[in-house]
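sequence and predicted structure, then a few things I'm wondering about:
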Amino acid sequence: MSAERIWLPYCGAAPVPADLLARWNFDPILLAALLGLGLASHLRTRTAEPWRRGCFAMAFLLLVLLFVSPFCALTSALFSARVVHHVLLGLVLAPLLVTAFPAWRVHGSVPGWTAIQALIFWLWHSPPVYGWALSNDAVYWSMQISLTASAIGFWSGLRHASTPTAIAALLASMVQMGLLGALITFSGAPLYAPHLATTAAWGLSPLEDQQLAGLIMWAPAAGLYLAAALALAGRWLGREARLSPAP
């Protein structure tokens with residue numbers, strides 16, 4: 001039995017480079033959900049500041065990229081593309097939505113949401129659970145929703161936390177993301193069964209694809225948390241300097 005017959009991810013069978021650009025996802029349920037989301041959010045933000053409307057517009061376009069465009073199909077072929085997908089959900093989509101809708105406020109502490117986000121991210125990237133998500137549409141959407149919701153909880157909590165707490169949460173998130181990336185990068189064997197027979201067309205072995213995915217977590221993804229922490233620290237120190245009395 002071929003790998004394509006075993007693994008039937010939501011985004012479809014793994015494409016080859018020649019047919020990627022034709023692999024748009026026109027799932028009517030997905031399109032209806034996106035249309036409803038766009039309409040409801042437009043009605044809610046039509047009197048909001050332009051920058052808030054801009055944040056939602058970028059978030060909406062990102063959803064189209066991740067779930068409608070051929071990038072969705074690419075994630076069926078490459079684990080590294082799937083990791084980019086998940087990083088964009090947690091580190092770009094979630095903060096855009098939190099910025100677009102600042103009235104959102106989740107319950108729970110920032111340390112709690114930091115731990116929940118990390119636990120969910122690690123859970124979905126454990127090989128057995130990941131394989132389950134790529135063989136069942138309901139589990140796939142559970143993965144997408146839980147990754148996004150936990151990230152929204154994290155970024156929303158940061159908005160209401162003290163600066164030292166927010167910096168500590170960002171640095172902790174950087175460490176856990178880097179650790180997971182390092183573990184995946186230095187694994188001596190391919191771990192993700194859905195991609196064992198899907199990477200060759202893209203010029204990568206399954207292990208090389210996995211190592212690339214680990215490096216994406218280890219460097220750029222963890223680096224985004226570090227950049228956010230440094231930006232927050234810089235603003236904090238600048239504010240303290242302005243408030244300090246001159247000698």
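Ah, there it is.

next, count neighbours for T199.
Neighbour count for T199, taken as other C-beta atoms under 10 Å: 23. Every C-beta, even on glycine, is put in place using the N, C-alpha and C of the backbone.

that one touches D209, doesn't it?
Yes - using C-beta atoms under 8 Å, T199 is in contact with D209, at 4.4 Å.

the closest residue to G90 other than its chain neighbours: neighbouring residues, count only.
Excluding its sequence neighbours, the residue lying closest to G90 (C-beta to C-beta, 6 or more residues apart in numbering) is A151, at 3.9 Å. Residues lying near A151 (other C-beta under 10 Å) number 26.

for A151, what are its contacts?
89-91, 93-95, 117 (C-beta atoms under 8 Å, 6 or more residues apart in numbering).

in what helix or strand does it lie?
helix 137-160 (DSSP states H and E).

and the following helix or strand past that helix, what other elements does it pack with?
Of the helices and strands lying after helix 137-160 in sequence (DSSP H and E), the nearest is helix 163-185. Using 3 or more C-beta pairs under 8 Å, 6 or more residues apart in numbering; DSSP states H and E as the contact test, the elements touching helix 163-185 are helix 110-124, helix 137-160, helix 206-216, helix 222-243.

mean pLDDT for those: which is lowest?
Looking at those, the lowest mean pLDDT belongs to helix 222-243 (a mean of 86).

where in this protein is pLDDT low?
1-6, 240-247 (pLDDT under 70).

quick one: contacts for the closest residue in space to V87 that isn't next to it in sequence?
Closest residue to V87 apart from its sequence neighbours, by C-beta to C-beta, 6+ apart: A221 at 4.6 Å. Contacts for A221 were tallied using C-beta under 8 Å, 6+ apart; they are 83, 87, 91, 177, 181.

G181 reaches Q211, doesn't it?
No - judged on C-beta under 8 Å, G181 makes no contact with Q211 at a distance of 9.9 Å.

L196 and P206 touch, don't they?
Yes - the pair L196 / P206 is scored as a contact, 5.0 Å apart, by C-beta under 8 Å.

so W104, which of the three states?
For W104, the assignment made with DSSP: H, G, I helix; E, B strand; the rest coil gives coil.

for it, which non-adjacent residue is spatially closest?
With C-beta to C-beta, 6+ apart, the residue lying closest to W104 is S156, at 5.6 Å.
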